[in-house]
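Just need the structure, nothing else, for what follows:
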Amino acid sequence: MEEFFDWCRKHKAMTLPNSKLGKAFAYSLNHEETFKHVLLDGRLVLSNNLAEQAIKALVIGRKNWLFSQSFNGAKSSAIILSLIETAKRNDLDPEKYLKYLLYKLPNESTLTDKASAGKLQINFEYN
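Take a look at the predicted model:
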């Protein structure tokens, strides 16, 4: 791994900065730490495809939100869609997840500190 970055540093000096190769060297060296972490930890993903897939529904709905009756209505729609996508990404049933949150969260005094948030156990026994 170090050999690759040494090679990039060596050849970057001999390459025009605005050429495609020069830009590739600059990109590699600017993201050296990130690449090292990804290569050393197999749990990390180099691609942002999962994030892009998660926001796809939001992007598709963007035009529809232009017809919201108010800013607060559009904001509420975005929050609900965000919660639905969060449930999907965590392999939860979105409908049950929303029911649970609407039942449980109003009874919480605060969720600003980690201790309160930690008490929020996800249990879908609520109808």
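
For the chain, which segments count as helices?
Applying DSSP state H to the chain gives helices spanning 2-12, 20-30, 32-40, 49-65, 71-89, 94-104, 114-119.

any chance of these in JSON lines, with mean pLDDT and mean neighbour count too?
Any C-beta I mention is one placed from the backbone N, CA and C, and that applies to glycine too. Below are the helices of the chain laid out as JSON lines (pLDDT from 0 to 100; neighbours: other CB atoms under 10 Å):
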{"stretch": "helix 2-12", "mean pLDDT": "93", "mean neighbour count": "12"}
{"stretch": "helix 20-30", "mean pLDDT": "95", "mean neighbour count": "14"}
{"stretch": "helix 32-40", "mean pLDDT": "89", "mean neighbour count": "12"}
{"stretch": "helix 49-65", "mean pLDDT": "76", "mean neighbour count": "11"}
{"stretch": "helix 71-89", "mean pLDDT": "83", "mean neighbour count": "14"}
{"stretch": "helix 94-104", "mean pLDDT": "88", "mean neighbour count": "15"}
{"stretch": "helix 114-119", "mean pLDDT": "51", "mean neighbour count": "10"}
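
Got the domain ranges for the chain?
Domain ranges of the chain: 2-40, 49-119, per automatic domain parsing.

How many residues are close by the nearest residue to L39 once chain neighbours are set aside?
Spatial nearest neighbour of L39, excluding adjacent residues (CB to CB, 6 or more residues apart in numbering): M1 at 6.1 Å. The number of residues packed near M1 is 10, by other CB atoms under 10 Å.

T86 versus the residue minimising distance to the centre of the chain, what's the distance?
Among the residues of the chain, the one closest to the centroid is A51, at 4.7 Å (CA atoms, centre = their mean). Distance, A51 to T86, using CB to CB, to the nearest Å: 12 Å.

Ok, P94 next?
Counting by CB to CB, the gap from P94 to T86 is 9 Å.

export stretch 16-33 as CSV, just CAs?
Coordinates of each C-alpha in stretch 16-33 appear next as CSV, following Å, rounded to 0.1, in the frame of the first residue of the first chain:
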residue,chain,number,x,y,z
LEU,A,16,0.9,18.1,-15.6
PRO,A,17,-1.5,18.9,-12.7
ASN,A,18,-4.5,19.5,-14.9
SER,A,19,-4.1,16.4,-17.0
LYS,A,20,-6.4,13.4,-16.2
LEU,A,21,-3.4,11.5,-14.8
GLY,A,22,-2.3,14.5,-12.7
LYS,A,23,-5.8,14.8,-11.3
ALA,A,24,-5.9,11.0,-10.6
PHE,A,25,-2.6,11.3,-8.6
ALA,A,26,-3.9,14.3,-6.7
TYR,A,27,-7.2,12.6,-5.9
SER,A,28,-5.3,9.4,-4.7
LEU,A,29,-2.9,11.4,-2.5
ASN,A,30,-5.7,13.7,-1.1
HIS,A,31,-7.7,10.7,0.0
GLU,A,32,-4.7,8.5,1.1
GLU,A,33,-5.9,8.2,4.7
